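Trainee: With the input below, show me the fold.
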Amino acid sequence: DNPIMDSRAVIADTRRWLERAVIGLNLCPFTKAVLTREQVRFVASTAATPEALALELAAELQRLADALQQHRLVTLHGPGGVGKTRLALTAAARAPRPDGTWLLRLDALADGAALRPSVARLLGLAAGSDADDATLARALRPLQALLVLDNAEHLDGLGALAAALRDAAPSLAVLVTSRRPLGVAGESLLALDGLALPDEHSRDAEAAQAFD
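Mentor: The predicted structure is shown next:
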């Protein structure tokens with residue numbers, strides 16, 4: 001096997017699915033908008049990726065895909081800036097589900113009190129501020145979907161909510177990115193120590209660093 005040729009194939013394959021992402025995937029409107037804004041930067045940074053990094057990215061994607069096939073609550077954890085968000089969005093786009101991928105960015109939330117209203121708004125529920133676990137569970141229960149909760153480390157109560165939604169909706173998978181594990185029962189942990197980024201002086205470094 002030729003690792004150089006294999007890595008180039010990974011890069012080409014990644015570019016192809018990224019270019020199709022907002023057209024062919026069943027995504028909720030907010031997630032589709034996020035991918036629309038960010039996929040161009042991701043394509044650029046991936047295209048500039050050294051061969052060794054392309055192979056590393058492919059290996060991490062496979063680990064995450066395997067975890068999501070075997071578990072319904074997966075936490076991708078590691079230090080800030082190592083590429084957790086990028087890896088999560090990539091995995092979501094490569095394995096679409098019948099009712100789509102739902103992405104909730106948590107970094108703007110000040111505390112756990114805003115969690116349930118934010119999930120309710122994401123799902124299009126009318127009275128978001130009054131949403132409780134039972135209301136959210138009823139909305140999610142019929143869905144065969146992936147819920148991505150991004151940048152969760154600063155929110156108390158996130159683990160309990162993620163586990164409650166997983167338990168209430170049998171066809172829902174929850175993928176969390178965080179600097180630390182949630183610490184709840186049934187959580188599958190996947191550590192990400194860091195994907196090497198392009199040289200900081202290259203034109204694509206800022207694009208790559210924008211992911212997490």
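Trainee: Packing partners of the one helix or strand A139 maps to?
Mentor: Assigned by DSSP states H and E, A139 falls within helix 133-140. Under the contact criterion of 3 or more C-beta pairs under 8 Å, 6 or more residues apart in numbering; DSSP states H and E, helix 133-140 touches helix 115-122, helix 158-168. For the C-beta atoms, the positions are set from N, CA and C on the backbone; glycine is no exception.
Trainee: Measure how it sits relative to helix 115-122, angle-wise.
Mentor: Relative orientation of helix 133-140 versus helix 115-122 (axes from the mean of the first three to the mean of the last three C-alpha atoms, to 10 degrees): 30 degrees.
Trainee: In contact with T75, which residues?
Mentor: Counting by C-beta atoms under 8 Å, 6 or more residues apart in numbering, T75 makes contact with V176, T177, S178, P181, L182, E187, S188, L189, L190.
Trainee: For my notes, please list the helices and strands packed on helix 133-140 in JSON lines and give mean pLDDT, mean neighbour count and distance to R94 for each entry.
Mentor: Output for the helices and strands packed on helix 133-140, formatted as JSON lines (pLDDT from 0 to 100; neighbours: other C-beta atoms under 10 Å; distance: least, C-beta to C-beta, whole Å):
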{"stretch": "helix 115-122", "mean pLDDT": "88", "mean neighbour count": "19", "distance to R94": "22"}
{"stretch": "helix 158-168", "mean pLDDT": "93", "mean neighbour count": "19", "distance to R94": "21"}
